[in-house]
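1. next one to model:
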Amino acid sequence: MRVFVTGATGHIGTAVVAELLGAGHEVVGLARSDRSAAALSAAGAGVHRGSLEDTDGLRRGAAAADGVIHLAFGHDFSDYAGALATDLRAVEAMGEALEGTGRPFVITSGTLMLALAAPGRLGTEDDAIAPASPPVPRGEAENAAVALAARGVRSSVVRLAPSVHGPSDLHGFVPQLIGFAREQGVSAYVEDGATRWPAVHTLDAARLFRLALEAAPAGSRLHGAADEGVPFREIAEAIGRGLDVPVKSVPREAAQEHFGFLSGFVTLDNPTSSARTTELLGWRPEHPALLPDLAAGHYFGRSGA
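-> Numbering: from 1, shown residues only. You can find the predicted model right below:
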């Protein structure tokens with residue numbers, strides 16, 4: 001299968017490209033820079049020059065492919081609303097190009113939206129995101145993708161856990177938390193630290209994207225969560241051990257001081273089930289869970305984490 005991949009040179013995208021190539025697929029990745037184009041060529045993938053803002057280019061890339069995996073997202077928290085709008089336009093553009101073809105279109109979302117849409121309970125793949133004002137982050141793009149199933153596209157949504165971890169994770173939530181702890185000399189958690197974060201290893205996430213491309217039913221929602229929910233206090237304690245710094249509780253009103261732009265996320269309780277995903281696709285995580293991965297030490301030998 002010839003697969004068009006956006007975000008193909010990012011943390012997760014690099015693993016997805018390798019997974020697809022290893023399974024015998026042909027890959028063409030979206031590249032907005034010479035550096036990204038060179039990385040794709042070195043990996044054995046083709047190059048489609050463009051960006052998420054270039055909707056005509058996205059349509060062309062999707063139309064020329066047998067399937068699409070959409071991973072790219074502009075993580076600009078200074079204009080998060082703008083990033084969400086760009087993502088929605090990208091999904092709509094590529095969806096239009098695939099309409100009536102029956103080809104697979106896999107987009108990326110996150111499990112954290114379930115903590116906003118259905119707080120206080122275990123999130124499942126059956127949880128749809130109801131329209132809201134203001135909209136739930138990435139909810140509009142997710143619903144747009146699911147709706148494509150009625151327009152002849154084998155669309156699916158992979159909701160990723162907030163912690164997609166592993167040796168290639170250089171800029172995700174875990175390195176950010178480690179950076180905060182290193183700067184402040186203390187690894188913190190909020191109040192009793194009982195809020196739970198799901199997690200998944202990068203390589204297990206990459207395999208899930210491939211399985212979704214190959215076999216996900218049209219209109220399906222899938223969960224990339226190997227750890228159903230790791231208490232935040234245990235994450236903070238693992239970081240404290242890795243950095244050899246104290247671990248402490250901070251009150252909710254001090255979360256911004258300790259966690260900066262992540263303060264709104266660290267207080268979310270996000271237990272997430274992947275039972276339906278396993279049933280549909282036979283996806284079974286094989287790589288280390290979050291706490292053993294932190295204990296392995298690779299996160300703590302980096303100058304940037």
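
2. how far is stretch 260-276 from where the chain is centred?
-> 12 Å (C-alpha atoms, centre = their mean, to the nearest Å).

3. and it, what's buried?
-> 262, 265, 266, 267, 268, 270, 271, 272, 273, 274 (16 or more other C-beta atoms under 10 Å). Glycine gets a C-beta too; all of them are placed from N, C-alpha and C.

4. for the last one, what are its contacts?
-> For residue 274, the contact set (C-beta atoms under 8 Å, 6 or more residues apart in numbering) comprises 125, 222, 223, 224, 225, 226, 228, 283.

5. just want the most central residue of the protein.
-> residue 160 (4.2 Å; C-alpha atoms, centre = their mean).

6. that residue is in contact with residue 107, isn't it?
-> No - between residue 160 and residue 107 there is no contact, the gap being 11.0 Å when judged by C-beta atoms under 8 Å.

7. can you give me the strands in the chain?
-> Secondary structure of the chain, counting by DSSP state E: strands at 2-6, 26-31, 46-49, 67-70, 104-110, 154-160, 163-165, 187-190, 196-201, 220-224, 227-231, 247-250.

8. if we can go back for a sec, make TSV out of the buried residues of stretch 260-276 and add distance to residue 45 and pLDDT.
-> Output for those, formatted as TSV (distance: C-beta to C-beta, whole Å; pLDDT from 0 to 100):
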residue	distance to residue 45	pLDDT
262	32	90
265	32	88
266	36	91
267	39	91
268	35	92
270	33	95
271	36	96
272	31	97
273	33	97
274	28	98
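
9. turn the residues you listed into JSON lines, columns for distance to residue 42.
-> Output for these, formatted as JSON lines (distance: C-beta to C-beta, whole Å):
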{"residue": "262", "distance to residue 42": "33"}
{"residue": "265", "distance to residue 42": "34"}
{"residue": "266", "distance to residue 42": "37"}
{"residue": "267", "distance to residue 42": "41"}
{"residue": "268", "distance to residue 42": "38"}
{"residue": "270", "distance to residue 42": "36"}
{"residue": "271", "distance to residue 42": "39"}
{"residue": "272", "distance to residue 42": "35"}
{"residue": "273", "distance to residue 42": "38"}
{"residue": "274", "distance to residue 42": "33"}
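
10. which ones among those map onto helices?
-> Within the buried residues of stretch 260-276, residues falling in helices by DSSP state H are 265, 266.

11. give me the contact list for the longest helix anywhere in the chain.
-> Criterion DSSP H: the longest helix present in the chain is helix 80-98. For helix 80-98, contacts defined as C-beta under 8 Å, 6+ apart pick out 4, 6, 52-53, 55-56, 58-63, 68, 70, 72-76, 105, 107, 135, 137-138, 140-141, 144-145, 148, 151, 153, 155.

12. try 6 Å this time
-> Residues from elsewhere that reach helix 80-98 (C-beta atoms under 6 Å, 6 or more residues apart in numbering): 52, 55, 58-59, 62-63, 68, 73-74, 76, 105, 107, 140-141, 144-145, 148, 153.

13. residues of that helix that come out buried?
-> Under 16+ other C-beta under 10 Å, the buried positions of helix 80-98 are 83-84, 86-98.

14. mind saving the C-alpha coords of that helix as PDB?
-> Extracted in PDB, the C-alpha atoms of helix 80-98 (Å, rounded to 0.1, in the frame of the first residue of the first chain):
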ATOM      1  CA  TYR A  80      -3.700  26.500  20.500                       C
ATOM      2  CA  ALA A  81      -7.000  27.500  19.000                       C
ATOM      3  CA  GLY A  82      -5.200  28.300  15.700                       C
ATOM      4  CA  ALA A  83      -3.500  24.900  15.800                       C
ATOM      5  CA  LEU A  84      -6.800  23.200  16.300                       C
ATOM      6  CA  ALA A  85      -8.400  25.100  13.400                       C
ATOM      7  CA  THR A  86      -5.500  24.200  11.100                       C
ATOM      8  CA  ASP A  87      -5.700  20.500  12.100                       C
ATOM      9  CA  LEU A  88      -9.500  20.500  11.300                       C
ATOM     10  CA  ARG A  89      -8.900  22.100   7.900                       C
ATOM     11  CA  ALA A  90      -6.200  19.500   7.100                       C
ATOM     12  CA  VAL A  91      -8.500  16.600   8.100                       C
ATOM     13  CA  GLU A  92     -11.400  18.000   6.000                       C
ATOM     14  CA  ALA A  93      -9.100  18.500   3.000                       C
ATOM     15  CA  MET A  94      -7.600  15.000   3.000                       C
ATOM     16  CA  GLY A  95     -11.000  13.600   3.700                       C
ATOM     17  CA  GLU A  96     -12.500  15.300   0.600                       C
ATOM     18  CA  ALA A  97      -9.700  13.800  -1.500                       C
ATOM     19  CA  LEU A  98     -10.500  10.300  -0.300                       C
END
